[in-house]
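Undergrad: starting from these lines, generate the structure:
(2 chains)
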Protein chains: 2
Amino acid sequence: MSLIVHKYGGTSMGSVERIKNVARRVAKWHRAGHQLVVVPSAMSGETNRLLTLAHEISAQPSPRELDMIASTGEQVSVGLLALALQAEGLEAVSYAGWQVPVKTDSAFAKARIESIDGTKVKADLDAGRVVVITGFQGVDPDGNITTLGRGGSDTSAVAIAAALDAAECLIYTDVDGVYTTDPRVVEEARRLDRVTFEEMLEMASLGSKVLQIRSVEFAGKYRVKTRVLSSLTDPLIALEQEMRSGTLITFEEDETMEKAVISGIAFQRDEARIAVIGVPDRPGIAYQILGPVADANIDVDMIIQNQSVEGKTDFTFTVGRGDYARAMAILNDQVKNHVAAERVLGEPKVSKVSVVGVGMRSHVGIASTMFRTLSEEGINIQMISTSEIKISVLIDEKYTELAVRALHKVFGLETA
Amino acid sequence: MSLIVHKYGGTSMGSVERIKNVARRVAKWHRAGHQLVVVPSAMSGETNRLLTLAHEISAQPSPRELDMIASTGEQVSVGLLALALQAEGLEAVSYAGWQVPVKTDSAFAKARIESIDGTKVKADLDAGRVVVITGFQGVDPDGNITTLGRGGSDTSAVAIAAALDAAECLIYTDVDGVYTTDPRVVEEARRLDRVTFEEMLEMASLGSKVLQIRSVEFAGKYRVKTRVLSSLTDPLIALEQEMRSGTLITFEEDETMEKAVISGIAFQRDEARIAVIGVPDRPGIAYQILGPVADANIDVDMIIQNQSVEGKTDFTFTVGRGDYARAMAILNDQVKNHVAAERVLGEPKVSKVSVVGVGMRSHVGIASTMFRTLSEEGINIQMISTSEIKISVLIDEKYTELAVRALHKVFGLETA
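TA: Sure thing, here's the model as predicted:
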């Protein structure tokens, strides 16, 4: 008997019939002798409906009140799922985040989980109950409801699994695992049976939208065995088959892993590149350039600074395309003269393409293979940034598919 | 400067534009220097939508989970209203029942308020904030969300007004006050400027659906000055005019009251009458007849027992029409032989018509005027029941309008 956490996304909870299917699946696990905690998202469309209402009422809604409103979507889900489980003949009880409690900081709309008290939940589990807990939300030290931001239910599920020392956290979703790249771009993309936590972290942050990045961080920090698998299979599929499906995020580099140098090609469209050219190279210059951008709540992604030549340097970074115009205005109006830059250049249509693989650490030549392949396809590299297990390049957006397909092929990802 | 509680029903909260109108009205009161606590219901249709989902999932949904689900409707409302108030330039904060906290017992779906801690709310008010609190719900000693049952937001508002020692509780609704009778039945029905708490209690329990009866009980117990008024007026109507509109529920029988012997004619259709005939008159017989009916969760209204003749008595009572068939089955199957009754008779189509008035206490002849009037109209009286301030008769349902109109006229209710 193991303690297992299931997480179901909004699509899986999207209708009465689908909720009943979730209950059938959970009941199957329970009947096999496992203790179950289930973390469902709001029914698909519900969070958007609520936020639209809020924005119709106020152009600049208070984050505290938005969280009060948005958190109700998950509360409805847990109640409905508990009813569906009871209709399956199970004992089930639902809790909102504050009832567990799931304690967070007070950063409304993007709160971070600080602690989870598992006492009440464990007592329920020991009494034979299935416990259904709202994802996406918690309660701050003053008793205000907080939400973790979009996709936060993944994080809730992994954090709850960590707090309860669960044997495994199963993230049920509308894809059947993590792929070597997006199958819509590369037909030969292959599902990975396993991926290391660090690779998953890079994949998530680089645009593979399977898991929210903070849930992966949590899984890594607390070493929660996490599996991404499909909620679209028959809910009564054999347990042994289901337990081996999807993609497992592991923490060991076993022999299987060693063979694969590169595990996937990630990419992120809708990026924009901004360069501040000819800046006097003095301490604090990075902060003077990026501080005003961060103050405007614009996320900066890749950042590179060239070797300075004759006391001057170029400072280049990327932002999401939606923030491009605002970022350019801030740089031209507030930063350019202040830091005595020569010019501010912008390019709003770029994408980032990355090769990711934990095996890269011990293999030379990955970077040169990547650069050669792109060169042979006539794709110009605008920026390069690397980490221990990934190499990212920024390219003209129109070459995204071409680059991803060529890299997927050259690294042999279509075969296991 | 006074502390005022406003309560708005689901229709008043039914759309973004209506919520903005509520905010305009509240802002007007706040600008006039008052401290405001606002208790809104769920947006109209929302509670039904949620309960329908729940019943589609489970034929016998658990009351605890139903409360978890249904309570979200009010939580969305308080968040949206707080946003609308902020858009009006006010500082506003919303609380769910558990955040105040509003403490109740654990009777899910029909919980009773046990205590309200006003500390947090008063601190907000003193800091200049408008406080928006969910109606209809609270939290039980184990931290479960409870709801007070349909219409419970009226009770929440009055209870909050009592806990905060508010100067007045204004119940905004889609009628403009309490009438001498239903204006749809009697064209000349007149709005009452004032009604005593006891009269209101009789009116509410007798079918004037303006206020939930438990809110009236609360108003009486804690002597909360409560006013029923229209939410359909221009939200920026002059405050002095609004303060005198609607119907005030008072606790003094002032000189104005003394003039009115009868304040209204209440009626309740959809009743059914059941008589158990020829029952041996011995102690415990009432319990033996009504016990099984109560065990089946059937509410019994009027109850009369005749003087016994030759050791036998007749026992007559009324139930709601929806419960008639079930009640008859229980009596015929379980009760009749057990109590050795001669017969069980039923009449499913009756209504109850009542004259209500605190002035009745010191005036003779009200009953005889009522009976004479009905007799002159050819209406047979099937049952009579009286209290200090009301006389109710049961009649054939088809005579309801005729009886109400005749009584409204004979007691001179069309003129102040």
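Undergrad: ok, now which ones touch the closest residue to chain B within the stretch 151-300 of chain A?
TA: Closest residue of the stretch 151-300 of chain A to chain B, CB to the nearest CB: residue A:235 (15.0 Å). From N, CA and C alone the C-beta is placed, and that goes for glycine too. Contacts for residue A:235 (CB atoms under 8 Å, 6 or more residues apart in numbering or on different chains) come out as A:21-22, A:24-25, A:28.
Undergrad: could you rerun that using 6 Å?
TA: Neighbouring residues of residue A:235 by CB atoms under 6 Å, 6 or more residues apart in numbering or on different chains: A:21, A:24-25.
Undergrad: and what of residue A:290?
TA: residue A:300.
Undergrad: let me know the next secondary structure element after whichever strand or helix holds it.
TA: Following DSSP states H and E, one finds residue A:290 within helix A:285-295. Per DSSP H and E, the first helix or strand lying C-terminal to helix A:285-295 is strand A:300-305.
Undergrad: hmm, back to that, for the record, mean pLDDT for the helix holding residue A:290?
TA: In this model, helix A:285-295 has a mean pLDDT of 87.
Undergrad: now the angle from it to strand A:300-305?
TA: Here helix A:285-295 runs at an angle of 170 degrees relative to strand A:300-305 (axes from the mean of the first three to the mean of the last three CA atoms, to 10 degrees).
Undergrad: for helix A:285-295, which residues meet the burial criterion?
TA: A:285, A:288-290, A:292-293 (16 or more other CB atoms under 10 Å in any protein chain shown).
Undergrad: quick one: the strands in the stretch 51-200 of chain A?
TA: Assignment of strands within the stretch 51-200 of chain A using DSSP state E, counting those that start in this stretch yields the ranges A:92-95, A:102-104, A:113-116, A:130-133, A:137-139, A:145-147, A:168-173, A:194-196.
Undergrad: same for the fourth one, what does it pack against?
TA: Which is strand A:130-133. Counting contacts by 3 or more CB pairs under 6 Å, 6 or more residues apart in numbering or on different chains; DSSP states H and E, strand A:130-133 packs against strand A:35-40, helix A:72-87, strand A:92-95.
Undergrad: and stretch A:162-182, how far out from the chain middle?
TA: 11 Å (CA atoms, centre = their mean, to the nearest Å).
Undergrad: contacts only, for residue A:411.
TA: Counting by CB under 6 Å, 6+ apart, residue A:411 has contacts residue A:262.
Undergrad: how close does it sit to residue A:369?
TA: Distance of residue A:411 to residue A:369, computed by CB to CB, to the nearest Å: 7 Å.
Undergrad: and the residue nearest to residue A:383 when sequence neighbours are not counted, how many neighbours does it have?
TA: Excluding its sequence neighbours, the residue lying closest to residue A:383 (CB to CB, 6 or more residues apart in numbering or on different chains) is residue A:394, at 3.9 Å. Look at residue A:394: counted by other CB atoms under 10 Å in any protein chain shown, it has 25 neighbours.
Undergrad: can you confirm residue A:394 is in a helix?
TA: No - assigned with DSSP: H, G, I helix; E, B strand; the rest coil, residue A:394 falls outside any helix and is strand.
Undergrad: export the buried residues of helix A:285-295 to JSON lines and tack on distance to residue B:344?
TA: Conversion of the buried residues of helix A:285-295 to JSON lines gives the following (distance: CB to CB, whole Å):
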{"residue": "A:285", "distance to residue B:344": "95"}
{"residue": "A:288", "distance to residue B:344": "92"}
{"residue": "A:289", "distance to residue B:344": "90"}
{"residue": "A:290", "distance to residue B:344": "86"}
{"residue": "A:292", "distance to residue B:344": "85"}
{"residue": "A:293", "distance to residue B:344": "83"}
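Undergrad: now do the strands in the stretch 301-416 of chain A.
TA: A:312-320, A:343-356, A:383-387, A:390-396.
Undergrad: would stretch A:55-73 count as contacting chain B?
TA: Yes - counting by CB under 6 Å from any CB of the partner chain, chain B has neighbours in stretch A:55-73: A:56-58, A:61-62, A:65, A:68-69, A:72.
Undergrad: can you pick the most crowded of those residues?
TA: Busiest of those [other CB under 10 Å] is residue A:68, holding 30 neighbours.
Undergrad: that residue and residue B:134, how far apart?
TA: 10 Å.
Undergrad: try residue A:341
TA: From residue A:341 to residue B:134 the distance is 53 Å (CB to CB).
Undergrad: of these two, which one has the most company?
TA: The residue with more neighbours, out of residue A:341 and residue B:134, is residue B:134; 32 against 24, by other CB under 10 Å.
Undergrad: gap between that one and chain A?
TA: As judged by CB to the nearest CB, to the nearest Å, residue B:134 and chain A stand 10 Å apart.
Undergrad: could I have the CA atoms of stretch A:1-12 written out in CSV?
TA: The C-alpha coordinates for stretch A:1-12 follow below in CSV (Å, rounded to 0.1, in the frame of the first residue of the first chain):
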residue,chain,number,x,y,z
MET,A,1,0.0,0.0,0.0
SER,A,2,1.4,3.4,-1.0
LEU,A,3,0.3,6.9,-0.7
ILE,A,4,-0.3,8.3,-4.2
VAL,A,5,-1.2,11.9,-5.3
HIS,A,6,-3.2,12.4,-8.5
LYS,A,7,-3.4,15.7,-10.2
TYR,A,8,-6.1,16.4,-12.9
GLY,A,9,-6.1,19.4,-15.2
GLY,A,10,-9.1,21.6,-16.2
THR,A,11,-9.8,19.6,-19.3
SER,A,12,-10.0,16.3,-17.3
